[in-house]
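**Student:** Quick one: sequence plus predicted model below, questions after.
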Amino acid sequence: MAGYSRAELMAVAAAHELKDGQVVVVGLGLPQVAAVLAQMTHAPRLTIVLEIGVVNPHPIHPSVGIADPRIWYRATCFTSGFIGTLGFILHRGLVDVGFLGGLEVDQYGNVNTTAVPLPGGGIRHFTGSGGANDIASLARSTLIVMRHEKRKFPARVSYLTSPGYLTGGNAREEAGLKGGGPVKVITDLGVLGFDPVSRRMQVVALHPGVTWQEVQENTGFPLGEPRPVPSTVEPSAEELRLLREVVDPAGTYIR
């Protein structure tokens, strides 16, 4: 993978999933990087909503947290996380894509950001849901971005913070969730999707130089029999220039 990092490849792969004219809710990190990159390239009419309620900002200081006012410059709207993003935008069904990350994601796309068991016993608690449950429940689709490690991809999450397809099949619809559920899981090894019937996770693309066996060895549940899948599209020279010089010049997220 000479010439670019896997983090850069993840950002580009996530950006390619976004379409012009969509409304996307993002948090700090690679989702924000991917959304800005998409807006600068193939999706100029993309509406970016930060989780805290800031819409379409134009940062004057790169690679800082979303709570830093320098990243809100020239935003078209200032509201709040709970009332604005979660209330006026998500609950009205206006979000096309919501980005999620987490501690764990299971075979049905359920996400854990709350707690994981410790090897010697006990539980380690983390930040919890924030707005993730609302995004997973109400966005028309969700994209999950995570590092691909076996401990992060168990058959069943230790704690269900944000719903994917629950137990598979029609379980999500039967639970009354309005959003469409996860469509892709983008990792540093490849891109995974979901079977339209069983709703189980499956490999849809491998990053250049990555094998099916490598993905399976880093996943805590069977991915099915190996089959031919395409390689993800490598970053273009212009995408890498934008990532490195404009979107994240300090390399905070793409190093």
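**Tutor:** Received the coordinates, thanks.
**Student:** And stretch 177-189, end to end?
**Tutor:** The separation between the terminal residues of stretch 177-189, taken as CA to CA, to the nearest Å, is 30 Å.
**Student:** Off-centre distance for that stretch?
**Tutor:** Chain-centre distance of stretch 177-189: 7 Å, with CA atoms, centre = their mean, to the nearest Å.
**Student:** Next: stretch 245-255.
**Tutor:** 18 Å.
**Student:** count of residues packed around the residue nearest to residue 32 when sequence neighbours are not counted?
**Tutor:** Closest residue to residue 32 apart from its sequence neighbours, by CB to CB, 6 or more residues apart in numbering: residue 26 at 4.8 Å. Heads up, the C-betas are built off the backbone N, CA and C, glycines and all. Neighbour count of residue 26, defined by other CB atoms under 10 Å: 25.
**Student:** Could you give the number of residues near the nearest residue to residue 171 once chain neighbours are set aside?
**Tutor:** Nearest residue to residue 171, sequence neighbours excluded (CB to CB, 6+ apart): residue 165, at 6.3 Å. Burial of residue 165 is recorded as 25 neighbouring residues (other CB under 10 Å).
**Student:** right, and the secondary structure at residue 165 would be what?
**Tutor:** Per DSSP: H, G, I helix; E, B strand; the rest coil, the local secondary structure of residue 165 is coil.
**Student:** and what of residue 238?
**Tutor:** Of the three states, residue 238 takes helix according to three-state DSSP.
**Student:** Distance check, it against residue 73.
**Tutor:** According to CB to CB, to the nearest Å, residue 238 and residue 73 sit 24 Å apart.
**Student:** Kindly report the same for residue 199.
**Tutor:** Distance, residue 199 to residue 73, by CB to CB: 41 Å.
**Student:** For the residue nearest to residue 171, give me its contacts.
**Tutor:** Taking CB atoms under 8 Å, 6 or more residues apart in numbering as the contact definition, residue 165 lies against 108, 109, 110, 171, 172, 181, 182, 194, 199.
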